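>>> model this:
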Amino acid sequence: MRRIDLHTHSTCSDGSYSVKELIDYAHEKELAAIALTDHDTIDGVKEAVTYGKEKYPDLEVIPGIEFSTVNEGKDVHVVGLYVDYTDQRLKDRLATFKNARVERNRKMCKKLTEGGIPITYEELEKAFPDTAITRAHYAKFMLEKEYIKSRQEAFDRYIGDNCPYFVPRENITPEMAIECILENGAVPILAHPVLYHMSDAKLEALVVRLKEAGLKGLEAIYTTYEAYEERQMKELAEKHNLLISGGSDFHGSNKVGIDLGVGHGSLFVPEDILPAIKASIAR
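Next comes the predicted model:
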């Protein structure tokens, strides 16, 4: 049984590997399949799929995306697998979502500057051109400017969900992301549910609510999960007749210690979960 990785990022969002470097590395790691799931963008997907087909016929490159949404003031992410990246409706939706991200980033820059950490959105754009700017970019920029001593400090003190300078994105809900993915014919997956630090009851209520909106699966296998957490997520998926997905959330050097396909070293996402996911493609 070969490994797959259904949650990865390139330089098109907040990863450190270019699209081709990422596909090369997936082949080097002998993965059976890799999904490119950059934040709120499909800019690298066509290149990834084309390059993979031309160079590595034994590697399936899955077009994907990871939507950053807001639920009760907190970030909740929804992955879309087997995205039709030629769909103009999807491109139009992403343009709308991009505008919301830009507005959020401008507000966050203003709050940081007022708090003694001078950052402008224009500086971020210049430092990270042609990229969907995420909080990881803030952390890198702040470290380079020596405002902080480590990237983790940025999230602990400044831009983490409960920090004074964090600004949630407005009006983009998990349901909106799911609707967009389903409209495209792709498969919506709730990303890393354990990371939302909800009670079991609250997480299940969210899963039930999102399933009613069309959610198809849970990311039940993930880099940071303990064995009991993976077991719980698989049980939750089975209870609600949801697919199981999984991935490393690989970002290259932007998430130290997380390697493609293996996470912290013991991650294993088996290729035999793919047929059920493919069977859910609605086109």
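>>> which parts of stretch 208-226 are buried?
210-211, 213, 215-223, 225 (16 or more other CB atoms under 10 Å). In this view, the C-beta of every residue, glycine as well, is placed from N, C-alpha and C.
>>> meant to ask about stretch 19-26
19, 22, 23, 24, 25, 26.
>>> with just CA atoms, put the longest strand seen in the chain into CSV.
Using DSSP state E to define each element, the chain has its longest strand at strand 60-71. Backbone C-alpha positions of strand 60-71 (Å, rounded to 0.1, in the frame of the first residue of the first chain) are rendered in CSV as follows:
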residue,chain,number,x,y,z
GLU,A,60,-1.6,11.1,-9.6
VAL,A,61,-1.8,14.9,-9.2
ILE,A,62,-5.1,15.9,-7.8
PRO,A,63,-6.4,19.5,-8.4
GLY,A,64,-7.5,21.0,-5.1
ILE,A,65,-8.0,24.0,-2.9
GLU,A,66,-8.3,24.9,0.7
PHE,A,67,-10.9,27.6,1.6
SER,A,68,-10.2,29.7,4.7
THR,A,69,-13.6,30.4,6.2
VAL,A,70,-14.9,31.9,9.5
ASN,A,71,-17.2,30.0,11.9
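>>> tell me which helix or strand comes right after it.
Later in the chain than strand 60-71, the nearest helix or strand by DSSP states H and E is strand 74-81.
>>> any idea of the angle that next one forms with strand 60-71?
160 degrees (axes from the mean of the first three to the mean of the last three CA atoms, to 10 degrees).
>>> list the pairing partners of strand 74-81 within its sheet, with orientation.
Using DSSP bridges, the neighbouring strands of strand 74-81 in the sheet come out as strand 60-71 (antiparallel), strand 187-190 (antiparallel).
>>> and among the ones you listed, the most buried is which?
strand 187-190 (a mean of 29; mean count of other CB atoms under 10 Å).
>>> which residues does it contact?
With contact meaning CB atoms under 8 Å, 6 or more residues apart in numbering, strand 187-190 is reached by 6, 76-82, 174, 177-178, 181-182, 206-207, 210, 214-219, 243, 245, 277, 280-281.
>>> and the residues you listed, which are buried?
6, 76-82, 174, 177-178, 181-182, 206-207, 210, 215-219, 243, 245, 277, 280.
>>> what about these, which are in helices?
174, 177, 178, 181, 182, 206, 207, 210, 277 (DSSP state H).
>>> export those residues as CSV, with columns for pLDDT and distance to residue 262.
Output for these, formatted as CSV (pLDDT from 0 to 100; distance: CB to CB, whole Å):
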residue, pLDDT, distance to residue 262
174, 96, 28
177, 95, 28
178, 98, 29
181, 98, 27
182, 97, 31
206, 98, 29
207, 98, 27
210, 98, 29
277, 98, 20
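>>> ok, which pair from the residues you listed is furthest apart?
206 and 277 (20.9 Å; CB to CB).
>>> any figure for the gap between the nearest residue to residue 70 once chain neighbours are set aside and residue 207?
Distances taken as CB to CB, 6 or more residues apart in numbering place residue 168 nearest to residue 70, at 4.7 Å, with adjacent residues excluded. From residue 168 across to residue 207, the span is 21 Å (CB to CB, to the nearest Å).
>>> low-confidence regions, the stretch 1-150 of the chain specifically.
The model of the stretch 1-150 of the chain has no residue with pLDDT under 70.
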